[in-house]
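>>> fold the following, please.
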Amino acid sequence: MKQKTVRFYDDAPDDMSALKILNECRKYGFSSARELVIAAINRYAQGDNTSYLGINSKDIDELSDKIVKKLKNMNVTISSDCGLTEEKNNENGTDNNENYQKAISFMDTL
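All right, here's what the predicted structure looks like:
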């Protein structure tokens with residue numbers, strides 16, 4: 001058996017976030033913190049950064065499709081370079097700036 005010590009500093013938000021996930025390892029489908037750490041390290045080393053902690057590329061694709069659908073319902077145009085532009089008027093004839101700001105706020109919460 002080999003042993004490694006990892007320190008999580010109270011004044012480092014990233015450390016505390018990682019420690020919280022580690023402490024909730026069962027929530028992520030692992031039976032121990034050790035299993036979660038080993039899986040995360042191995043997947044990261046293999047370049048599979050999108051599939052650790054229960055997030056895989058299929059989930060990301062589904063999420064992006066839902067975001068696009070939501071933005072279209074809010075009358076926000078998505079350009080081919082993934083930039084957002086607001087339309088001048090929506091169906092109600094009101095200013096779309098509010099809808100645009102809501103879309104940006106929604107994306108900031110992700």
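
>>> for Leu36, grab the count of nearby residues.
22 (other C-beta atoms under 10 Å). In short, each C-beta sits where N, CA and C put it, glycine included.

>>> I meant to write Cys25 there.
18.

>>> per-residue pLDDT of it, please?
pLDDT for Cys25: 89.

>>> and for Asn73?
pLDDT, Asn73: 77.

>>> what about it, how many neighbours?
Neighbour count for Asn73, taken as other C-beta under 10 Å: 10.

>>> how close does it get to Ile67?
Computed as C-beta to C-beta, to the nearest Å, the Asn73 to Ile67 distance reads 11 Å.

>>> and if you look at Asp15?
Going from Asp15 to Ile67 by C-beta to C-beta gives 30 Å.

>>> hang on, Ala39 packs against Phe30?
Yes: Ala39 is within contact range of Phe30, at 6.9 Å (criterion: C-beta atoms under 8 Å).

>>> where do the helices sit along this structure?
Remark: helices assigned in the chain by DSSP state H are 13-23, 33-45, 57-73, 97-108.

>>> CSV please, covering the ones you listed and showing distance to Lys4.
Listed next are the helices of the chain as CSV, based on distance: least, C-beta to C-beta, whole Å:
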stretch, distance to Lys4
helix 13-23, 14
helix 33-45, 9
helix 57-73, 30
helix 97-108, 36
